[in-house]
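Structure here, sequence nowhere to be found:
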Ligand SMILES: NC(=O)C1=CN([C@@H]2O[C@H](COP(=O)(O)OP(=O)(O)OC[C@H]3O[C@@H](n4cnc5c(N)ncnc54)[C@H](O)[C@@H]3O)[C@@H](O)[C@H]2O)C=CC1
Ligand SMILES: O=C(O)[C@@H]1CCC=N1
């Protein structure tokens, strides 16, 4: 699918509920890829200066639902906890043929259908969406039409790549791996810097080395056709410094065991958010 054409071809009004970090990143991606701002309605009680400024380009900010009517597409980017209270207020935007795209962690298709109705696509993006390098996993309810699915795909693809799954049961683990995953990598940069300071480096230098190493390794992984295991082996000289470090990281109580526990904890939390 040609994304820029697809976004320009999408018909009807798009209502975005919640223009915080993720909703704002998605809106930026849509407008950058040619979506007509006049077709966008944003419901956001605390708009950032950047979101507020979009009014000059024709985005409608917090209009009365009566003036909007039912949307062709409603994208819900509220916190899951907010949705319980705010969800019913979104009902005026949902008609019989409205596509509802939710990016809320843990909020199930059936909960979305119960509160708002519509044809639901549940999706899980991640924050690299802000630079067009996100990855989103999406699952469609059985009443989502092929056209609606293409609309959802175009909107989600505006911030990076998209994987569709058929099994909603995968979404909690998806959230734990790619939704939350960027935080694990940023923590790695923080802890690598702290370990550098422990090893005697000045704070500023350690921070710069850790940041550039994580960013450079990520970029190499992105551009290379090699697997992450091959790229790791390329760094590791037999009997060298990397092998000594990897013996710790890959040993008992190493990164694998920690990652298993971290991903299990995030997966469990995602299932709890559904309740
Ligand atoms: N931050 C992340 O890394 C990711 C977040 N998500 C999901 O995206 C959703 C939003 O998360 P963030 O953007 O991080 O949160 P955020 O707090 O930055 O954005 C939520 C926005 O909703 C607004 N809001 C509050 N009440 C509202 C109402 N009644 N109507 C309309 N808007 C209202 C808030 O003012 C805020 O700007 C969450 O459900 C989260 O699970 C999904 C993937 C990644
Ligand atoms: O922490 C959270 O609940 C959200 C979902 C994935 C990333 N942030």
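Looks like it arrived, so ask away. Fair warning: this is a prediction, and the values are worked out from it, not measured in the lab. Ligands and ions are numbered 1, 2, ... in the order given.

Skipping adjacent residues, who's closest to the closest residue to ligand 2 within the stretch 101-250 of the chain in space?
Closest approach between the stretch 101-250 of the chain and ligand 2, counting by Cβ to the nearest ligand atom: residue 179, at 3.3 Å. Where you see a C-beta, it was placed from the backbone N, CA and C, and this is true even at glycine. In space, and not counting its chain neighbours, residue 179 is closest to residue 124: 4.6 Å by Cβ to Cβ, 6 or more residues apart in numbering.

before we move on, the earlier item: for the residue of the stretch 101-250 of the chain closest to ligand 2, what are its contacts?
Residue 179 makes contacts with 105, 124-126, as judged by Cβ atoms under 8 Å, 6 or more residues apart in numbering.

Over to residue 237: give its phi and psi.
Phi and psi for residue 237, reported as degrees, to the nearest 10, are phi -80, psi 140.

Show me which residues of the chain sit near ligand 1.
17-23, 43-46, 77-80, 82, 86, 103-105, 124-127, 179 (Cβ under 6 Å from any ligand atom).

ok, 5 Å please
Contact residues (Cβ under 5 Å from any ligand atom) of the chain with ligand 1: 17-18, 20-22, 43-44, 46, 77-80, 82, 86, 103-105, 125, 127, 179.

can you give me the strands for the chain?
14-17, 40-43, 60-61, 73-76, 99-102, 119-124, 134-140, 160-164 (DSSP state E).

how about a markdown table for the ones you listed, with mean neighbour count added?
Compiled in a markdown table, the strands of the chain are given as follows (neighbours: other Cβ atoms under 10 Å):
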| stretch | mean neighbour count |
| --- | --- |
| strand 14-17 | 26 |
| strand 40-43 | 23 |
| strand 60-61 | 17 |
| strand 73-76 | 27 |
| strand 99-102 | 27 |
| strand 119-124 | 26 |
| strand 134-140 | 23 |
| strand 160-164 | 16 |
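
Make CSV from the ones you listed and add distance to ligand 2 and mean pLDDT to it.
Listed next are the strands of the chain as CSV, based on distance: least, Cβ to the nearest ligand atom, whole Å; pLDDT from 0 to 100:
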stretch, distance to ligand 2, mean pLDDT
strand 14-17, 16, 98
strand 40-43, 20, 98
strand 60-61, 25, 97
strand 73-76, 14, 98
strand 99-102, 12, 98
strand 119-124, 7, 98
strand 134-140, 11, 98
strand 160-164, 15, 98
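
Now which of the residues of the chain next to ligand 1 would you call buried?
17-18, 20, 22, 43-44, 77-78, 80, 86, 103-105, 125, 127, 179 (16 or more other Cβ atoms under 10 Å).

Out of those residues, the closest to residue 275 would be?
Nearest to residue 275, judged by Cβ to Cβ, of these is residue 80 at 10.3 Å.

list the contacts for that closest one?
Per Cβ under 8 Å, 6+ apart, neighbours of residue 80: 104-107, 273.

Which of those fall within helices?
Using DSSP state H, residue 273 are the members of these that sit in helices.

Enumerate the residues of the stretch 51-200 of the chain near ligand 2.
Within reach of ligand 2 by Cβ under 5 Å from any ligand atom, the stretch 51-200 of the chain has these residues: 105, 179-180.

Let me have those in CSV, extended by distance to residue 64 and pLDDT.
Formatted as CSV, these follow (distance: Cβ to Cβ, whole Å; pLDDT from 0 to 100):
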residue, distance to residue 64, pLDDT
105, 30, 97
179, 33, 98
180, 36, 98
